[in-house]
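Undergrad: I would like the atomic coordinates for the input below:
(chains A and B)
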Amino acid sequence: MALLKVVDVERCVGCQLCMFACQRRLGLGGTSRAAIFPKSRGGLSRGLMVIVCRGCKDPSCAAVCPTGALKPRKGGGVIFLPHRCIGCGFCQEACPLGAIFWDEESNKPVVCIHCGICAQYCPHGVLAFEKEDK
Amino acid sequence: MLAQDSLKNVLYIDLSKRKFWIEERPDLFEKWLGGVGVGAALLEEECPEGVEPFSPEAPIILAVGPMVGFYPMASKTAALFKSPHTGNLGESHAGGRSAVSIRLAGLGAIVIKGASDIPIAVNISENKVSFIDARALWGLGVGETGRILREKTGKPGARSIFRIGLAGENLSTFACVVTETYRHFGRLGLGAVFGSKKLKALIITGHKSLPVADKKAYHECYDKILKQILETDSLKKYHDLGTAVNVLSLNRKRSLPTKNLTQAWFEEAEKISGEYFAEHLLGRRLACAHCPVACIHLAALRIPYEDEPYFYKTTFISYDYELIYSLGSMLGVGQAEGILKILAKVDDLGLDAISAGVVLAWATEAFEKGLITTKETQGLTPAWGAVEVYLDMLEHLARQSNEFYQTLAKGVEYASQKYGGEDFALAFGKNEMPGYHTGYGCHLGFLTGARHSHLDSAGYSYDQKLNVPELGPGKLAELLFEEEAYRQILSSIIICFFARSIYKYEVISEALKAIGYDFSPKELKALGQKILRRKYHFKLREGFSFEGLRIPKRILKTISPHGQLNEEFLRQGIKTYKEILLKEEV
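TA: From the prediction side, this is the model:
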C-alpha cells in the first residue's frame, strides 16, 4: 500500500493546491471536505506547515472510536465507515497531529484516505505518494 | 448561477449601529459577474453623489467573483470606495487569502457603511459577524496588529486579516490596507477610509464547499488551465526572480525612473536587481491561496543591534519591482538592504509603497531646489540615497507631525500645489507614478486608466512590443481601451493579472460554464467595456475631467526609449480615449 507523505515542508509556499485537489476529488469547489490543511506557523514570515494524516500503523483515532467507524488500514492510516459513525468527535480529540478534520454539514470526521491526488497537484515537491517498504 | 451558489450573498455591515445583515442579490452577479463589476454596481448604489470620502456615508465595497474557490489564480478581492487621494473612483485589489476567505465564508461581497465611535475590528465567519473592541490596538503597527489578532480570532489557514497602520489611522490619503502581512490593497487610500471609520481590522474566515454544475467539465477545464499555468514561461519568471526581474531590463532600455525621473537609468541598478536580491537576500517564497506561481518573494534582512555584539534581528520583507523602483532607484538608494529597511517601515506604517517613494523623491528635489527647507522637514536633510533620513521622514509623514508632513501625507499633487515644484510632481490623475518610463504607452495608460495605475492597461508592455510612435495616439488609445476593458473581466471573475495570457475570453467562458455561469466570449467582451464605462461614469460624476489631467513636465523632459515625448501626442491620445469611452451610454 502506498502512503501520502510530507517529504519537505520547507518547500511549501502555502498555495493550498493540495487542499483544493482533495476537495475537487468529491466534485466540489471550496475546501470544507478536504483532509489536508496547509497553514502558517503563526504568520507567513515563519513559514508553513501541512496538517495531514501520516498513516499511523497503530492509529490513536481508531483506538478511541466507540463504534468501530474508523478501522486501521493495511499499510497505515484508517478506513472510515460513515454509517457506523455517531459524530462523537473522539477521533478528532485523540489525533495528536490535528489531522482529523470535521465536516459540519454531515457532522462527521474527514480523514485522509491516502489516495495521493493532493501529491499529484503539489507543484513544489512538498508532498509525495510513496510505496511503503515491505 | 446555481441556486445553491452562495456568491449571491451580500453582507452589509453598519459600523455606526453595530448591525449586520445579508441580502441575496443574484441579480448583481448574473449581470456583472462579481469583483469589480459587482463592486462598481454596489458603489453606485451605496455611495451618495459628492460625498466626502471620510464621511460615514462613504461605503467600502469588497467583492469577489465566481471563479474564486474553483480555479487556480482566482485569488483576488476588489475593493471599491471613494478615493480620498483623487476624490473620485477608489479601486484596489489584493490577493493573499482574502478572496478565498470571503467566497468560502459564503459571501460574494461585503458593504461596510457608517463609522464607529471607538476603534473597532470586525470578525466575519460563516454565518456570523462580531465586533471586537480595538481600542487597545489603535496606534499599533501593521505587523503587531496582525500578530495580536492572529492569536485570538478566526481559523488559521482559512483566514484573512485586513489591517491598517498609523498612516491609515491618521488619514494619510495614500494609506493602504495590508492582508496576510505581505499583500496590500495598496493604491488610492483604502487604508485612510478604514481609518476614518475607526476600523482597525477586518478578519474573515471561510472554508465552505461550493457546488459544481458539470463535474466532468470542471475537472477537465481545471487541469487544462493548471497545465498551462505551469508551462507558461512568463509565470515561471514570476516564480524564479519575481517581478524584480524587471529592474535590469528596464534599466538597459533607459526606462527605470531614477532620482525623481531626473534620469531614466540608475548607475547602481545591478545592486538592486532581482538577481542581486535573489542571490543575497531571498529567504522564502510564498503564494496567494490557490496560486501555484508563488511570486511573493521574501528577503531575510539581518540587522545587528548596536548595543550588544552578536545580537541580531532578522525580518522577512516582501519585495517586488514597483517597490524597488519607488523606494530604490527613485530615491537614489543603490543598496538592496537600504531599500528593504525603508520598505519594512513603509509596510509597518501602512503606506502605499509607490506613492510613499514618489512623495519622498519629490520632497528631495524640492529640498535641493530650496522650495522647502529644514524648517519644514523638522531638521532633516533629504538627499538621494539617504536611507536613515527617509526612515525618519516616513515616521513624520505617518504621524503628520507638522504642517509640511500633513501636506506630504496627501500626495505630490497636493504638496506641489502648496510648495511649488509641479513640473516634477510625478502624479497622473493625482495618483503617484508607477515604475515605467518606457514611452507614450505607459504614460497614456497612467493618464487614461480608471485607477491611473500601470495595471489598468499595461501601456508599458505596448511600448516594448510595438512601434508606438508610428502607431500614433489614436490607435494607441484604442489598444489601451481594449486592454483595460478585458481586464475588467479578469478583475470581475476575479483572476490575478499575471494569469492573463491563460484566461482569455474563450477559456473564461468555458470555465464559468462548468460552475453554472453562462457568459459567451462575445458577451464577456461587451461586459468588460460596460464595466469600464460604468467606472468612468462614477469618476466623471465625482468631478474627474479628461481636460483637467495634468501632464508632469518632467516626463516630457527626461528622454524615454521613444526619445523626448511630445505633449501633443499624449493630449491627442487622451482625447481619443475619451471619445471611445463616451461613444456608448452607461
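Undergrad: low-scoring stretches of the stretch 51-200 of chain B, by residue?
TA: Residue ranges of the stretch 51-200 of chain B with pLDDT under 70: none are present.
Undergrad: with chain A instead?
TA: A:132-134.
Undergrad: who in it is up against chain B?
TA: Neighbours of chain B within chain A, by Cβ under 8 Å from any Cβ of the partner chain: A:13-17, A:20, A:23-24, A:27-33, A:37-40, A:42-45, A:47, A:105, A:121, A:123-124. For every residue, glycine as well, the C-beta is placed using N, CA and C.
Undergrad: give me the buried entries from those.
TA: A:13-17, A:20, A:23-24, A:28-33, A:37-40, A:43-45, A:47, A:121, A:123-124 (16 or more other Cβ atoms under 10 Å in any protein chain shown).
Undergrad: shouldn't B:L281 be in contact with B:R302?
TA: No: with contact defined as Cβ atoms under 8 Å, B:L281 does not count as touching B:R302 (9.3 Å).
Undergrad: of the two, which one has the most company?
TA: For B:L281 versus B:R302, neighbours defined as other Cβ atoms under 10 Å in any protein chain shown are more numerous around B:L281 (19 against 11).
Undergrad: and the more buried one, what pLDDT?
TA: Note on B:L281: pLDDT of 97.
Undergrad: quick one: B:D518 from B:A415, how far?
TA: Note on B:D518: its distance to B:A415, by Cβ to Cβ, to the nearest Å, is 50 Å.
Undergrad: the two: who's more crowded?
TA: Set B:D518 next to B:A415 and count neighbours by other Cβ under 10 Å: B:A415 wins out with 26 against 11.
Undergrad: before we move on, the earlier item: just the ones of the residues of chain A next to chain B in strands?
TA: Within the residues of chain A next to chain B, residues falling in strands by DSSP state E are A:29-30, A:37-40.
Undergrad: residue farthest from the centroid of chain A?
TA: Distance from the centre of chain A peaks at A:S45, with 24.4 Å (Cα atoms, centre = their mean).
Undergrad: so it sits against B:I296, correct?
TA: No: contact criterion Cβ under 8 Å: A:S45 and B:I296 do not qualify, at 10.9 Å.
Undergrad: quick check, stretch B:194-213 touching chain A?
TA: Yes: counting by Cβ under 8 Å from any Cβ, chain A is contacted by stretch B:194-213 at B:207-212.
Undergrad: can you give me the buried ones in stretch B:413-433?
TA: With the criterion 16+ other Cβ under 10 Å, stretch B:413-433 contains buried residues B:413-416, B:419, B:421-422, B:424-433.
Undergrad: and for the residue nearest to A:V126 when sequence neighbours are not counted, the neighbour number?
TA: Closest residue in space to A:V126, ignoring its immediate chain neighbours: A:C12 at 4.5 Å, by Cβ to Cβ, 6 or more residues apart in numbering or on different chains. Neighbour count of A:C12, defined by other Cβ under 10 Å: 26.
Undergrad: ditto for B:V36
TA: So B:V36, with other Cβ under 10 Å, has 33 neighbours.
Undergrad: partner residues bridging B:E432?
TA: B:A427 (DSSP bridges).
Undergrad: that one and B:F174 touch, don't they?
TA: Yes: using Cβ under 8 Å, B:E432 is in contact with B:F174, at 7.3 Å.
Undergrad: and for these two, which residues touch both?
TA: By Cβ atoms under 8 Å, 6 or more residues apart in numbering or on different chains, B:E432 and B:F174 have these common neighbours: B:352, B:355, B:359, B:411.
Undergrad: top of those by number of neighbours, please.
TA: Most neighbours among those, by other Cβ under 10 Å: B:D352, with 31 neighbours.
Undergrad: next to chain A, which bits of the stretch 301-450 of chain B? Give me the list.
TA: B:315-316.
Undergrad: residue in the stretch 301-450 of chain B nearest to chain A?
TA: With Cβ to the nearest Cβ, the shortest gap between the stretch 301-450 of chain B and chain A falls at B:F316, namely 3.9 Å.
Undergrad: so which strand or helix has that residue?
TA: strand B:312-319 (DSSP states H and E).
Undergrad: mean confidence for stretch B:345-361?
TA: Taken as a whole, stretch B:345-361 has a mean pLDDT of 98.
Undergrad: quick one: contacts for B:P211?
TA: Contacts of B:P211 (Cβ under 8 Å, 6+ apart): A:28-29, B:2, B:4-5, B:515-516.
Undergrad: report pLDDT for it.
TA: In this model, B:P211 carries a pLDDT of 96.
Undergrad: gap between it and B:Y312?
TA: Counting by Cβ to Cβ, the separation of B:P211 from B:Y312 is 51 Å.
Undergrad: swap in A:L17?
TA: 35 Å.
Undergrad: now swap in B:Q4 and tell me
TA: Going from B:Q4 to B:Y312 by Cβ to Cβ gives 53 Å.
Undergrad: got it, and B:H280?
TA: 16 Å.
Undergrad: element containing A:C56?
TA: Taking DSSP H and E as the definition, A:C56 sits outside all helices and strands.
Undergrad: if you drop the residues flanking it in sequence, what lies closest to it?
TA: Using Cβ to Cβ, 6+ apart, the closest residue to A:C56 is A:G76 (6.3 Å).
Undergrad: surely the one you found meets A:K5?
TA: No: with contact defined as Cβ under 8 Å, A:G76 does not reach A:K5; the gap is 10.3 Å.
Undergrad: buried ones in stretch B:355-373?
TA: For stretch B:355-373, a neighbour-count test (16+ other Cβ under 10 Å) marks B:355-367, B:371-372 as buried.
Undergrad: make that stretch B:370-388, sorry
TA: For stretch B:370-388, burial by neighbour count (16+ other Cβ under 10 Å) applies to B:371-372, B:376-377, B:380, B:382, B:384-387.
Undergrad: mind putting those into TSV with secondary structure and pLDDT?
TA: Below are those laid out as TSV (DSSP: H, G, I helix; E, B strand; the rest coil; pLDDT from 0 to 100):
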residue	secondary structure	pLDDT
B:L371	coil	98
B:I372	coil	98
B:E376	helix	98
B:T377	helix	98
B:L380	coil	98
B:P382	coil	98
B:W384	coil	98
B:G385	coil	98
B:A386	coil	98
B:V387	helix	98
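Undergrad: close to chain A, is stretch B:63-77?
TA: Yes: for stretch B:63-77, a contact with chain A is found by Cβ under 8 Å from any Cβ, at B:69-70, B:72.
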